[in-house]
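**Student:** Got a predicted model here, sequence first, then my questions.
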Amino acid sequence: MSRIVGQPKTLKRINRDIIKSIIKEAGPISKPEIAKITKLSTVTVNKIVENLLEEDIVKISGIGESTGGRRAQLFEYNGDLANVIVLYYYKNSYIGAISNIIGEIKYIREFKIRTDKFEDVMEDTYKTIEDLIENSDGIEIKAIGLGVPGVVKDGIISDIPNIPSWENINLKAILEEKYDYTICIENDVNLTAIGIYQDKFSDRFKNMALVYFGDGIGSGLIINEQLFKGATNFAGELSYLKTKKHFNYEDEDSKYKGNFERYIYEIKKQIKNNKEDTEKFKKALINTLVDGLTNLLCVLNPEVLVIQSDELTKKDIEEIEILICKNINKENMPRIIKLQDDMKYSINGVITMCLIETITSYSVSNRGGNK
């Protein structure tokens, strides 16, 4: 580690942050090991670790193996020093959870919510948060995080057909006025992308695109190991992609305004209502998805494309890949991986967002959460 020149107070703070980060990521770890990694003096490491112990930021976790001399104490981050509270919207419910500050989930349950009226959805949101606060065992709460199915910019939510009463509402400001905690709000699929990336791909790839196909359609984009949201946080809103209409139907009023998402919604409705023509409509669905995914791949050229869906089969994904290869050269195709709609990725993404906001040493590429 190269030496950093600066004011003594600044250097002390930097050294402290470095040691905290190492104990958090590599613990249980001894003082000699910390000194070896940081190239800081033993005296400096001893003093900082002792201060962290006094503040309960780290704790003694055991004794290391003998190397011929006195066995060294091992230290690890005190994850239970504080909690974060997370809510993730999913099919007219919140999946609510409590996590400690090293990403371990301590409590999780589903809360049904009403979404038609603003007063109702806010009342149910408050009830969910209050339940989670009550189950935090009096431990300090660092942040409250929400994953919502819409575009989020400066706390203001837009393009949210599943909770229409939140359109253009500054939800962050409303919650900050009621709760004296850091409030973090982000698009749900963006958070799921963070959770999937840190759990499965951060040690192998720098770029990943997630496409969620279920109750609507959306995507989360990881570019150079960071969540990419665009200039107005609109990046990844696939709903508005222009795609070909692969079957004729009369346009009906739909909660989905985007071309791509509305077509998929109508096709899925036909599949559900016309059992005898399922094959025809399934073909239209596959072709529509190929149109949208080809556009996405041509713009982003990711290393891996994750399709998260309970509705598409492995055979469907293979057919999609074959058809996309007719549009672009195979050498430009990413690895396509199908994942089930697993809530653990989404919850871990919200936890990570909260930790990024409250613990400066945390990043998207850190591994954390309840694996």
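**Tutor:** Arrived safely.

**Student:** which strands and helices sit next to the strand or helix carrying residue 47?
**Tutor:** Counting by DSSP states H and E, the element that carries residue 47 is helix 42-54. On a contact count with 3 or more Cβ pairs under 8 Å, 6 or more residues apart in numbering; DSSP states H and E, helix 42-54 meets helix 8-26, helix 31-38, strand 58-63, strand 73-77. Heads up, the C-betas are built off the backbone N, CA and C, glycines and all.

**Student:** tilt between the longest one and helix 31-38?
**Tutor:** This means helix 8-26. Per axes from the mean of the first three to the mean of the last three Cα atoms, to 10 degrees, the angle that helix 8-26 makes with helix 31-38 is 110 degrees.

**Student:** Can you give me the buried ones in helix 8-26?
**Tutor:** Residues of helix 8-26 classed as buried by neighbour count (16 or more other Cβ atoms under 10 Å): 15-16, 18-24.

**Student:** Also stretch 31-43?
**Tutor:** By neighbour count on 16+ other Cβ under 10 Å, the buried set for stretch 31-43 is 31, 33-35, 38, 40.

**Student:** Which pair of these spans the longest distance?
**Tutor:** Across the buried residues of stretch 31-43, the longest distance by Cβ to Cβ is 11.8 Å; it joins 33 and 40.

**Student:** among the helices and strands packed on helix 42-54, which is nearest residue 177?
**Tutor:** Within those, the stretch nearest residue 177 is helix 8-26; the backing value is 31.6 Å (Cβ to Cβ).

**Student:** mind exporting that closest one as PDB, just the C-alpha atoms?
**Tutor:** Output of helix 8-26 as PDB, limited to C-alpha atoms (Å, rounded to 0.1, in the frame of the first residue of the first chain):
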ATOM      1  CA  PRO A   8      -2.300  14.000  10.800                       C
ATOM      2  CA  LYS A   9      -6.000  14.000  11.600                       C
ATOM      3  CA  THR A  10      -6.800  13.100   8.000                       C
ATOM      4  CA  LEU A  11      -4.300  10.200   8.000                       C
ATOM      5  CA  LYS A  12      -5.700   8.900  11.300                       C
ATOM      6  CA  ARG A  13      -9.200   8.900   9.800                       C
ATOM      7  CA  ILE A  14      -8.000   7.200   6.700                       C
ATOM      8  CA  ASN A  15      -6.000   4.500   8.600                       C
ATOM      9  CA  ARG A  16      -9.000   3.900  10.800                       C
ATOM     10  CA  ASP A  17     -11.300   3.500   7.800                       C
ATOM     11  CA  ILE A  18      -8.800   1.100   6.200                       C
ATOM     12  CA  ILE A  19      -8.500  -1.100   9.300                       C
ATOM     13  CA  LYS A  20     -12.300  -1.100   9.800                       C
ATOM     14  CA  SER A  21     -12.800  -2.200   6.200                       C
ATOM     15  CA  ILE A  22     -10.200  -5.000   6.400                       C
ATOM     16  CA  ILE A  23     -11.700  -6.400   9.600                       C
ATOM     17  CA  LYS A  24     -15.100  -6.200   8.000                       C
ATOM     18  CA  GLU A  25     -14.100  -8.000   4.900                       C
ATOM     19  CA  ALA A  26     -11.300 -10.400   6.100                       C
END
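
**Student:** Can you tell me the element residue 194 falls in?
**Tutor:** Using DSSP H and E, residue 194 falls in helix 188-196.

**Student:** So for the stretch of helix or strand residue 177 belongs to, what gets flagged as buried?
**Tutor:** If you go by DSSP H and E, residue 177 is part of helix 171-178. Neighbour counts over helix 171-178 (16+ other Cβ under 10 Å) mark 171-172, 174-175 as buried.

**Student:** Looking at those, spot the one nearest residue 264.
**Tutor:** Taking Cβ to Cβ as the measure, residue 171 is the one of the buried residues of helix 171-178 closest to residue 264, at 27.0 Å.

**Student:** per-residue confidence at the closest residue to residue 34 other than its chain neighbours?
**Tutor:** Nearest non-adjacent residue to residue 34, counting by Cβ to Cβ, 6 or more residues apart in numbering: residue 45, 5.1 Å away. Here, the pLDDT recorded for residue 45 equals 88.

**Student:** Over to residue 244?
**Tutor:** Reading off the model, residue 244 has pLDDT 80.

**Student:** Which secondary structure state does it sit in?
**Tutor:** Secondary structure, DSSP: H, G, I helix; E, B strand; the rest coil: residue 244 is coil.

**Student:** where's it relative to residue 263, distance?
**Tutor:** According to Cβ to Cβ, to the nearest Å, residue 244 and residue 263 sit 9 Å apart.

**Student:** coming back round to it: which two among the buried residues of helix 171-178 are spaced furthest apart?
**Tutor:** 172 and 174 (7.3 Å).

**Student:** Using JSON lines, lay out the buried residues of helix 171-178 together with distance to residue 331 and pLDDT.
**Tutor:** Listed next are the buried residues of helix 171-178 as JSON lines, based on distance: Cβ to Cβ, whole Å; pLDDT from 0 to 100:
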{"residue": "171", "distance to residue 331": "44", "pLDDT": "97"}
{"residue": "172", "distance to residue 331": "44", "pLDDT": "97"}
{"residue": "174", "distance to residue 331": "49", "pLDDT": "97"}
{"residue": "175", "distance to residue 331": "47", "pLDDT": "97"}
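
**Student:** Turn those into CSV, columns for distance to residue 194.
**Tutor:** Output for the buried residues of helix 171-178, formatted as CSV (distance: Cβ to Cβ, whole Å):
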residue, distance to residue 194
171, 19
172, 18
174, 24
175, 21
